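Engineer: 3D, please:
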Amino acid sequence: MKLIVLDRDGVINEDSDAYVKSVEEWIPIPGSIRAIARLCEAGWTVAVATNQSGLARGLFDATTLGDMHFKMQQLVMEEGGRVDLIVHCPHGPNDGCDCRKPLPGLFEQIAEHFHLESLTGVPVVGDSHRDLHAGMRLGGIPYLVRTGKGSKTAKGPLPTGTQVFDDLAAVVDHLLGAKR
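Structural biologist: Alright, predicted model coming up:
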């Protein structure tokens with residue numbers, strides 16, 4: 001199985017320091033939806049792992065989060081692709097869970113779902129250190145995008161082996177060996 005794990009906010013859709021709180025605020029980054037579809041067309045399995053502390057903060061509810069994910073899945077399906085699995089952490093930063101990135105809980109859920117012992121060699125795409133570190137704990141390969149918080153993240157030290165790309169479409173071009 002060719003598996004890839006994507007962060008959501010800042011990788012697939014526009015991020016916001018005020019949180020993405022509604023379907024209307026969930027705006028895809030240009031090229032990201034088509035990039036996911038291209039992965040699917042090439043036989044990849046796509047998982048999304050996302051911290052959603054807005055739930056714990058009371059900024060939106062589980063139904064709204066589900067609606068945002070439905071919008072994402074619908075847009076990807078319209079392009080001929082699919083998102084095979086979405087896992088999220090609903091907790092706040094001080095809740096003491098094991099699923100909030102940079103902890104590996106979401107990635108453990110993904111590995112368990114797909115009956116994998118580890119995520120060794122799996123591309124993990126994010127725009128922050130916590131995305132990269134969480135995936136690396138289970139053997140994932142870190143890919144940083146400059147969208148979202150990625151440009152700021154790229155200015156600091158990065159985990160060994162991190163590859164940096166402008167956006168998700170550029171990561172997919174690299175993985176598929178395509179040229180833009």
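Engineer: Could you use CA atoms for every contact and neighbour count after this?
Structural biologist: Fine.
Engineer: Now residue 144: closest residue in space that isn't a chain neighbour?
Structural biologist: Spatially, and ignoring its direct neighbours in sequence, residue 144 is nearest to residue 164 (4.7 Å; C-alpha to C-alpha, 6 or more residues apart in numbering).
Engineer: I meant to write residue 150 there.
Structural biologist: Per C-alpha to C-alpha, 6+ apart, closest to residue 150 is residue 127, 4.1 Å.
Engineer: From the contact counts, what lies against the longest helix belonging to the chain?
Structural biologist: When the chain is parsed with DSSP state H, its longest helix is helix 62-78. If contacts are counted by 3 or more C-alpha pairs under 8 Å, 6 or more residues apart in numbering; DSSP states H and E, helix 62-78 sits against helix 32-41.
Engineer: List the contacts of stretch 126-133.
Structural biologist: 6-8, 10-11, 101-103, 124-125, 142-151, 153, 158-159 (C-alpha atoms under 8 Å, 6 or more residues apart in numbering).
Engineer: what do you get for stretch 45-57?
Structural biologist: Around stretch 45-57, the neighbours that count as contacts under C-alpha under 8 Å, 6+ apart are 1-9, 19, 21, 36, 39-40, 60-62, 82-93, 100-101, 106-107, 110.
Engineer: what residues are up against the nearest residue to residue 103 once chain neighbours are set aside?
Structural biologist: Distance criterion C-alpha to C-alpha, 6+ apart; nearest residue to residue 103, sequence neighbours excluded, is residue 134 at 5.3 Å. With contact set as C-alpha under 8 Å, 6+ apart, residue 134 has these partners: 101, 102, 103, 104, 107.
Engineer: quick one: which of those residues has the most company?
Structural biologist: Highest neighbour count within these: residue 107, with 26 neighbours (other C-alpha atoms under 10 Å).
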